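> I'll drop the sequence and a predicted model, then ask my questions.
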Amino acid sequence: MKRYKKRDYSKLTTIDVYNLVCEGTLKVFPNNYLDKEKARKLVRHVILDKLHMSRKEICEQVNLPFLSKYKLGGVKNLFEGQAYNILSYSFSEMEIKPWELSKVHPDFWKSQDNQKMFMQWLVNKENIDTTNVEEIRKINAKLVYKYAGSKPLVFSGGLFNLIKLVTGDSIKEWELVKINKWDEQKAIEAVKWMIEEKLKWSDEEIYEKLQAKTFYENNLGGLLSKFCNHSPYTAINLAYPGKFERLKNGFCAKK
């Protein structure tokens with residue numbers, strides 16, 4: 001019986017072994033042949049040297065089926081079966097982010113850390129000053145969707161929850177978005193914010209200046225109209241019960 005001499009793959013380059021797989025001389029890579037560095041070299045060889053793909057094309061087109069098409073399906077086992085892990089390792093200089101790919105792992109957006117990472121990337125990309133209310137207002141659902149689809153909004157519980165990840169408590173919800181449903185706790189917080197933080201009014205200034213338009217000018221018109229029956233007294237008494245009783249009959253609905 002004729003014996004075949006076992007091929008010494010150590011004398012071949014990684015690209016040579018890959019070419020043997022592509023031409024069918026080898027059905028698959030030899031056992032335990034691939035490691036992360038060999039995988040990186042082969043992924044770069046196919047994507048950059050053979051296909052000359054741009055960064056944009058890599059993000060839009062490279063996924064696990066794509067890699068299998070070019071005989072690199074086995075690479076996924078070295079990277080937890082994630083295309084993003086493969087690309088991040090193979091093209092570290094490109095700093096590819098998960099949301100830039102055509103498909104993100106279903107569990108990715110469940111993590112608040114990942115949501116925050118995305119928002120930090122977004123504000124840097126759009127040059128948004130997170131300490132400036134007018135700048136932060138540039139972040140809307142359409143902008144989030146443009147870069148990452150709807151999943152960040154869904155898993156975070158809404159736009160303001162995403163924004164809060166990069167602003168903390170420095171900017172209030174009513175400064176940025178229209179609040180359709182007010183509750184008592186939120187209304188009290190909003191009135192106190194307006195009086196104590198935004199306007200910094202003394203008790204005497206409240207007596208002298210407070211009127212319906214004060215709420216509208218500070219993005220709290222919805223609170224006044226929907227939760228306080230257009231009554232500044234109702235709003236102020238909610239936040240400071242009994243403290244400003246002599247204002248009770250001093251307000252009209254709007255001025």
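Yep, it's here. Given the structure is predicted, the values throughout are model-derived calculations rather than measurements.
> right, and Ser156 touches Gln115 too?
Yes. Taking contacts as CB atoms under 8 Å, Ser156 lies within contact range of Gln115: 5.2 Å. Every C-beta, even on glycine, is put in place using the N, C-alpha and C of the backbone.
> Quickly list what's touching both of these two.
Listed as contacting both Ser156 and Gln115 by CB atoms under 8 Å, 6 or more residues apart in numbering are 109, 162, 165.
> Mark which of those residues are buried, thanks.
109, 162, 165 (16 or more other CB atoms under 10 Å).
> Which secondary structure element is home to the last one?
Same thing as Leu165. Assigned by DSSP states H and E, Leu165 belongs to helix 159-167.
> Can you give me the buried ones in that helix?
Buried residues in helix 159-167 (16+ other CB under 10 Å): 159-160, 162-167.
> ditto for stretch 53-60
Buried residues in stretch 53-60 (16+ other CB under 10 Å): 58-59.
> Format the buried residues of helix 159-167 as CSV; extra columns: distance to Ile86.
Formatted as CSV, the buried residues of helix 159-167 follow (distance: CB to CB, whole Å):
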residue, distance to Ile86
Leu159, 32
Phe160, 35
Leu162, 28
Ile163, 32
Lys164, 33
Leu165, 28
Val166, 29
Thr167, 34
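> Need those residues in JSON lines (columns: distance to Val62 and pLDDT).
JSON lines is the format used below for these (distance: CB to CB, whole Å; pLDDT from 0 to 100):
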{"residue": "Leu159", "distance to Val62": "30", "pLDDT": "93"}
{"residue": "Phe160", "distance to Val62": "34", "pLDDT": "93"}
{"residue": "Leu162", "distance to Val62": "27", "pLDDT": "96"}
{"residue": "Ile163", "distance to Val62": "31", "pLDDT": "96"}
{"residue": "Lys164", "distance to Val62": "33", "pLDDT": "95"}
{"residue": "Leu165", "distance to Val62": "29", "pLDDT": "96"}
{"residue": "Val166", "distance to Val62": "29", "pLDDT": "95"}
{"residue": "Thr167", "distance to Val62": "34", "pLDDT": "93"}
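> Let me know the closest of those residues to Asn229.
Phe160 (25.5 Å; CB to CB).
> Tell me if I'm right that that closest one and Val177 touch.
Yes. With contacts counted by CB under 8 Å, Phe160 reaches Val177, the gap being 5.5 Å.
> longest helix in the chain, by residue count?
For the chain, the helix with the greatest residue count under DSSP state H is helix 112-125.
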